[in-house]
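S.K.: Got a predicted model here, sequence first, then my questions.
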Amino acid sequence: MHIEVTVNGRLRSADVEARTLLAYLLRDEFNLTGTHVGCDTTSCGACTVIWDGLPVKSCTVLAGQVDGGAITTVEGLEQDAQLHPLQQGFWDNHGLQCGFCTPGMLMTTYALLQRRPHPTETEIRQAISGNLCRCTGYQNIVAAVQQAAARLSAQDAMEEVQA
Amino acid sequence: MALEITESRPLGKPIKRKEDARFVRGQGRYLDDIKLPDMLYLALVRSPYAHARITRIDTSRAQALPGVRLVLTGEDLAKMNLAWMPTLAGDQQMVLATGKVLFQYQEVAAVVADSRALAEDGAQLVEVEYDPLPAVVDPFWALSPQAPVLREDREEASNRIFHWEVGDLDGTERALRDAATVVTERIRMPRVHPAPLEPCGCIADYNAARGHLTWYVTSQAPHAHRTVLAMVAGLPEHKIHVISPDIGGGFGNKVPVFPGYVAAIVASISLNRPVKWIEARTENLTSTNFARDYHMEVALGADRDGRVTALRVSTVADHGAFDAAADPTKFPAGLFSIVTGSYDFPVAYAAVDGVYTNKAPGGVAYRCSFRVTEASFLIERAMNTLALRLNMDPAELRQRNFIAPERFPYQSPLGWTYDSGHYAATLQKALDIVDYPALRREQAERRARGELMGIGLSTFTEIVGAGPSSTFDILGIKMFDSCEIRVHPTGKVIARLGTRHQGQGHETTFAQVIAEELGLTTDDVLIEEGDTDTAPYGLGTYASRSTPLAGGAAALAARRVRDKAKKIAAHLLEVDEAEVEWDGQNFVAMGAPDRSVTMPAVALAAYTNLPHGMEPGLEATYYYDPPNLTFPNGAYVAVVDIDKGTGAVTVRRFVAVDDCGTVINPMVVDGQIHGGLTEGFAIAFMQEIPFDEDGNCLAPNFMDYLVPTAVETPHWETGRTVTPSPHHPIGAKGVGESPNVGSPAAFANAVIDALSPLGVTNIDIPLFPWKVWEVLREHGVAE
Ligand code: FES
Ligand code: FES
C-alpha cells in the first residue's frame, strides 16, 4: 500500500505491505534507525515516536494507520544544529549508557514536557513507566528531564521578555 | 555536574561521555541498523516441546514460498559437520536439532528469505512432527538414577555434567562439629536472564571470490568469537573480520556463540549473500542463555563470641540442555570459591554439581564475574541467618568477622589472594550515611506498633579481572587484554583495545586514562573497540574485566609511549634524558622549569625532528597479563517497609558504599552503580524464569519476565571509600558488577529482618508480594 506521511517536518512516501509496522516503515523505508525495537509485546518503549502530538509505541502501530499524519522521531529533535534541551539534559546528567532506550525515552519525555512543562519527579517516573531501561536505573534520566524542563521554561521566559 | 571535556589531567573527573554525542541524536549504529546490499533475513523454527524426538521434518512448503532462498535443517548441517558446535564451557550444543530436542524453543530449522516478514512466513510453513518424551525439569530429579539420561551424544550415561570441589572437607567437617553454633540454610538463586534492551543478532557477509567473511555481531568478545569461528567453521582466521558495532547492553548475554549466528554464517556461505539474523525478545528470553539457577546448601559454624569458624557449601547447578556457561575453562563453577566473602574463615569447603535438564542452555555470568553473585548472595544471607541465631546485630557480627586491613594481601581458605580492602571503614561509612542507630531505634518503635520495617546489610567482596594467564583461559586462550596507542604528528591519539563496551563508557574512561598518562585531554584521544581487523587481540568485556585488564594495558601502553617521548623531549630540550622530568603534563628540563615541551610538540618531532638513529613514529602496544585479580568490595544497606495487606515491599532507602579502588570517572561509576542496583533490585523482587512440569517456559517475554520501571525503582544513594589495588597500574579494580553482586542479599536481608520477629529466616527470591503475603498469612499477621 502507498503511504504518505510527514516525518520530522518533511513529507515522505513509501509503498509497503499492509502488515508493515510503523517502526519498520521508519527504520527500513526512511532509514531513520534511531527508533529502536526491543521487544515483541509492546513492553519496552524503545520504539516510541510522536504521532500527531502523542507518544506511541511504533512497533504496535501499522504503517497504514499513519497515512496522512505527522510523525516526529528522535532524529527530529535537534534544530539548527542545536540539541534539544532534553538531549542536552540526558548528556549532561549521564542519563544514558548503552543508548538503546534513549530515543524512546527522549520522545516520551518530549511529549511529557509539552503536556506538563513542570513535572514532579513522580510525574516523570510515571510518564516513562512504559519505557524500560536496563542500564541507568532511571535516576539520571529523571535528573535529565528536570534539567530540560528548567531550561525550556527559562527559554520560554526569555522569549516572552523579548516579545 | 559534568565538566567540559577539554579538561586537562582528566583522571578521576566526572567528564561527560564522548559516545553520547551520537546516542542522544539516535545515531548509534546498532546491529539491526546495518543494512547491506542484497541482504537476506533469517528466521528460526523452534521446538514447542521441552523434550521430544523429531520424527519428520518437511520443508517443501517453506521452500516453495516465493522469496524463500534457503531452508536449513540439522540434517543439512550434519552433512557439513556443523550440526553441533562447541560451547565456551567445553561442552557441545546443537546448532539445529537432529534426533531429539532438549528444550522448549530449541532451534530446529532456519529459513532465509528476501525480507524479515517472508522469513517468518517461511518458518511457519516448515512442518515438524515430534514424539514427546517426559521432560526433566527438576535438577535434583535429574541426578536420580531413575531420571532419563538426556544427552545421547555423551559417552557418560548420566545427567551430571561435572562435580567440582575446592577446600578442605575434613577440616571443615571437624570445625563444624566443634563449633558452638552451626546455622544451615537452603538458599536458591533462581534462573534469571540478563535481558539487555537490544536483543542478540548478527549479519554474516561471505564473499566467495575473496574467500572472506565479514561478520557483524552483537559480541562482548569479538576476538574470541573470531577464533572460535575459525576453529569451528574451518575458515582461515585472517579472512574473518568480526565487527561488533554499538551494543545495546550486554550484561553477559552477548558473550556466547548462538545457533542463530552459525545458521546465518552457513546461509551466507551457501548463498554468497549477506544474511541477517536478529532474535525477537521471546527468542532472547527463551533460548539465548540464562543466568544463575543455583540451588545451594550452606552450613556455617561460629564460636561463642560469634567468630566464624567454618563454611561448607554444596550446590546443584542447573545448566539446562547444554553447558553453555561462559566460564574460564578451568572453572566449571566460575569463581564461586569467593564464597567466603569478606570474612576471615579459617577453613572452608565448596562443591558444585552441574546438571543437565530440559531447559535453555547456560548459564552466563549475568553482570557478574562468573558465579560471584551466587557466592555473594549465599554468604551474605548466611551471615544474616547467623546474626539472627546469635541474636546479634548483623553490623556488629560483620565487624567482628571482617578480614582486617593489615591482613592484606589475604590468603582465603579457598585459594584466592585478596589484593586490598578496608571493610570495616567501608561498612562504617554506609552506617553513618543511613544513620544506622537511628534506624534501629525507629524499627523498635515501629515493631512495638506492629509495623514491619526491615534493615538489610550486605558487605560483599567481589573477584574480577580474570585473569592471570597462569590460571585463566577460555578454550586455551589466555585471558590477558590489550591496548595499542598511536600518537599522530599533531598530538592526536587513536587507541584501540581488545575489549568491547556495551554502555560502560569506554570511549570516555579509557580516553581519560590515556590522556592522563600522556598529558593530553580526552578530546585528543579517540578510542576504538570491537573491530578484529584493527584492534589488538583481547578477550573482551564481561566479568568487570575491562578496567582491571584493558585499563591496565592502556596505562602501560601510554607509559611506553611516554618513555619514548621522553627521549625525544631530551633531544628537543638539548639535555640528557636523565635530566628530563615529566610533571604530569609536560617534559621539563630539570632545574630549568621554564624549559619544557608538551606531548604534542614531542609527537610532531617524532615524525619531523628525531634524535639521530631513533626509529620514527610514536606508538606502543601493551598486552597486559595481570599478576592477580582485583577484589572490589562494598557495604550496602537497604531499608524496607512491608505492607501487611498485600505483602508488597517498599524500598525506602538504599545506600551503596563501594570501594572499587581508583575511580576513573565518578559520574560513570555512579551510573554503573545505579544500573547494577536496579538489576539487583529486579532479581530480589520480581525476576525469575520458571518452568511448568512439562518444561514449558513460563516467562518468555517482558509481560511475564519483569523489568523494573521508573515507578518502582528506588532512589539510590551512593558513597565511596578508595582502597587502590596495589598491583593494578592505576590502582583501579573495576566496578560494573559490584552493585548487582552485592545488592540482592541486602534486599533479601532487609525483608527477612522485617519478618524475623515472626521466626522467619528465609524466603526464596524473588520476593513477590504474594510470596511475602503467604508468609504473613501463615504467621497470622496478614491484614
Ligand atoms: S519495541 Fe518494545 S514497545 Fe515497541
Ligand atoms: S541506556 Fe541502555 S537501556 Fe537505557
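M.R.: Done, it's in. Numbering: from 1, shown residues only, chains lettered A, B, ... in the order given. Ligands and ions are numbered 1, 2, ... in the order given.

S.K.: Smallest distance to ligand 2 belongs to which residue of the stretch 401-550 of chain B?
M.R.: Ligand 2 sits closest to B:Gly503 of the stretch 401-550 of chain B, with a gap of 5.2 Å, by CB to the nearest ligand atom. C-beta here means a position set from N, CA and C on the backbone, and glycine is covered the same way.

S.K.: my guess is that residue is in a helix, correct?
M.R.: No: assessed with DSSP: H, G, I helix; E, B strand; the rest coil, B:Gly503 is coil; it does not lie in a helix.

S.K.: what's the spacing between whatever residue of the stretch 601-750 of chain B ends up closest to ligand 2 and ligand 1?
M.R.: Of all residues in the stretch 601-750 of chain B, B:Gly675 sits closest to ligand 2, at 7.9 Å by CB to the nearest ligand atom. Relative to ligand 1, B:Gly675 is positioned 19 Å away (CB to the nearest ligand atom, to the nearest Å).

S.K.: Which elements pack onto the helix or strand that that residue is a member of?
M.R.: Element membership for B:Gly675, per DSSP states H and E: helix B:666-685. Taking 3 or more CB pairs under 8 Å, 6 or more residues apart in numbering or on different chains; DSSP states H and E as contact, the helices and strands that helix B:666-685 lies on are helix A:139-162, strand B:649-659, strand B:717-720, helix B:738-755.

S.K.: need the contact list for the residue of the stretch 201-350 of chain B found nearest ligand 1.
M.R.: Per CB to the nearest ligand atom, the residue of the stretch 201-350 of chain B with the smallest distance to ligand 1 is B:Arg281, at 7.4 Å. Shown in contact with B:Arg281 (CB atoms under 8 Å, 6 or more residues apart in numbering or on different chains): A:38-41, A:43-44, B:199, B:701-702.

S.K.: Output stretch B:420-436 as PDB - backbone C-alpha positions only.
M.R.: C-alpha atoms of stretch B:420-436 as PDB (Å, rounded to 0.1, in the frame of the first residue of the first chain):
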ATOM      1  CA  SER B 420      43.300  -4.900  49.300                       C
ATOM      2  CA  GLY B 421      40.300  -3.600  51.300                       C
ATOM      3  CA  HIS B 422      39.200  -1.700  54.300                       C
ATOM      4  CA  TYR B 423      36.000  -3.500  55.000                       C
ATOM      5  CA  ALA B 424      35.300  -2.000  58.500                       C
ATOM      6  CA  ALA B 425      35.700   1.500  57.200                       C
ATOM      7  CA  THR B 426      33.500   0.900  54.200                       C
ATOM      8  CA  LEU B 427      30.700  -0.500  56.300                       C
ATOM      9  CA  GLN B 428      31.100   2.300  58.900                       C
ATOM     10  CA  LYS B 429      30.700   4.800  56.100                       C
ATOM     11  CA  ALA B 430      27.500   3.200  54.900                       C
ATOM     12  CA  LEU B 431      26.100   3.000  58.500                       C
ATOM     13  CA  ASP B 432      26.900   6.700  59.000                       C
ATOM     14  CA  ILE B 433      25.200   7.700  55.800                       C
ATOM     15  CA  VAL B 434      21.900   5.900  56.800                       C
ATOM     16  CA  ASP B 435      22.300   6.700  60.500                       C
ATOM     17  CA  TYR B 436      22.000   3.100  61.500                       C
END
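
S.K.: Give the burial count for B:Gln124, as a bare number.
M.R.: 13 (other CB atoms under 10 Å in any protein chain shown).

S.K.: Next up, the contacts around it.
M.R.: Counting by CB under 8 Å, 6+ apart, there are no residues that B:Gln124 touches.

S.K.: Three-state assignment for it, please.
M.R.: Assignment for B:Gln124 (three-state DSSP): helix.

S.K.: any idea how far it lies from chain A?
M.R.: Separation of B:Gln124 from chain A (CB to the nearest CB, to the nearest Å) stands at 13 Å.

S.K.: Pull the number of nearby residues for A:Asn31.
M.R.: Neighbour number of A:Asn31 under other CB under 10 Å is 10.

S.K.: start to end distance for stretch B:105-123?
M.R.: Using CA to CA, to the nearest Å, the end-to-end distance of stretch B:105-123 comes to 13 Å.

S.K.: ok, and which of the contacts of B:Arg281 reach ligand 1?
M.R.: A:38-39, A:43-44 (CB under 6 Å from any ligand atom).

S.K.: Could you work out the most separated pair of those?
M.R.: A:Gly38 and A:Ser43 (8.3 Å; CB to CB).

S.K.: and these two? which has more neighbours close in?
M.R.: Taking neighbours as other CB under 10 Å, A:Gly38 and A:Ser43 compare with A:Gly38 leading, 26 against 21.

S.K.: Name the SS class of B:Ala62, please.
M.R.: helix.

S.K.: mind listing the strands for chain A?
M.R.: A:2-7, A:10-15, A:48-51, A:54-57, A:70-72 (DSSP state E).

S.K.: Looking at those strands, which one is packed in the most?
M.R.: The highest mean neighbour count among these, using mean count of other CB atoms under 10 Å in any protein chain shown, belongs to strand A:48-51: a mean of 26.

S.K.: Within its sheet, name the partner strands of that strand and how each one runs.
M.R.: strand A:54-57 (antiparallel), strand A:70-72 (antiparallel) (DSSP bridges).

S.K.: May I see those arranged in a markdown table, with mean pLDDT and distance to ligand 1 as well?
M.R.: Formatted as a markdown table, the strands paired with strand A:48-51 follow (pLDDT from 0 to 100; distance: least, CB to the nearest ligand atom, whole Å):
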| stretch | mean pLDDT | distance to ligand 1 |
| --- | --- | --- |
| strand A:54-57 | 98 | 4 |
| strand A:70-72 | 98 | 14 |
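
S.K.: Closest residue of chain A to chain B?
M.R.: A:Gly34 (2.1 Å; CB to the nearest CB).

S.K.: Need phi/psi at that residue.
M.R.: phi -70, psi -30 (degrees, to the nearest 10).

S.K.: wait, does stretch A:137-155 contact ligand 2?
M.R.: No: using CB under 6 Å from any ligand atom, stretch A:137-155 never reaches ligand 2; the gap is at least 8.0 Å.

S.K.: buried set for that stretch?
M.R.: A:137-149, A:151-152 (16 or more other CB atoms under 10 Å in any protein chain shown).

S.K.: Same check on stretch B:112-130?
M.R.: Neighbour-count burial for stretch B:112-130 flags B:112-113, B:115-119, B:121-123, B:125-126, B:128, B:130 (criterion: 16+ other CB under 10 Å).

S.K.: What is the distance between that stretch and the centre of its chain?
M.R.: 34 Å (CA atoms, centre = their mean, to the nearest Å).

S.K.: Now do the end-to-end distance for that stretch.
M.R.: 23 Å.

S.K.: what mean pLDDT does it have?
M.R.: The average pLDDT for stretch B:112-130 rounds to 98.

S.K.: Check stretch B:351-367 too.
M.R.: Rounded mean pLDDT across stretch B:351-367 is 95.

S.K.: is ligand 2 contacted by that stretch?
M.R.: No: using CB under 6 Å from any ligand atom, stretch B:351-367 stays clear of ligand 2, coming no nearer than 12.6 Å.

S.K.: mind listing what's buried in that stretch?
M.R.: So stretch B:351-367, judged by 16+ other CB under 10 Å, has buried residues B:351-367.

S.K.: Out of those, which sit inside helices?
M.R.: Among those, no residue falls in helices (DSSP state H).

S.K.: Out of the residues you listed, name the ones that lie in strands.
M.R.: B:351-356.

S.K.: Ligand 1: which of those is nearest?
M.R.: Nearest member of those to ligand 1, counting by CB to the nearest ligand atom, is B:Tyr356, at 33.2 Å.

S.K.: Show the contacting residues for the closest one.
M.R.: Contacts of B:Tyr356 (CB under 8 Å, 6+ apart): B:136, B:142, B:150-151, B:159-161, B:319-323.

S.K.: Flag every residue of the stretch 501-650 of chain B that's near ligand 2.
M.R.: Within reach of ligand 2 by CB under 6 Å from any ligand atom, the stretch 501-650 of chain B has these residues: B:Gly503.
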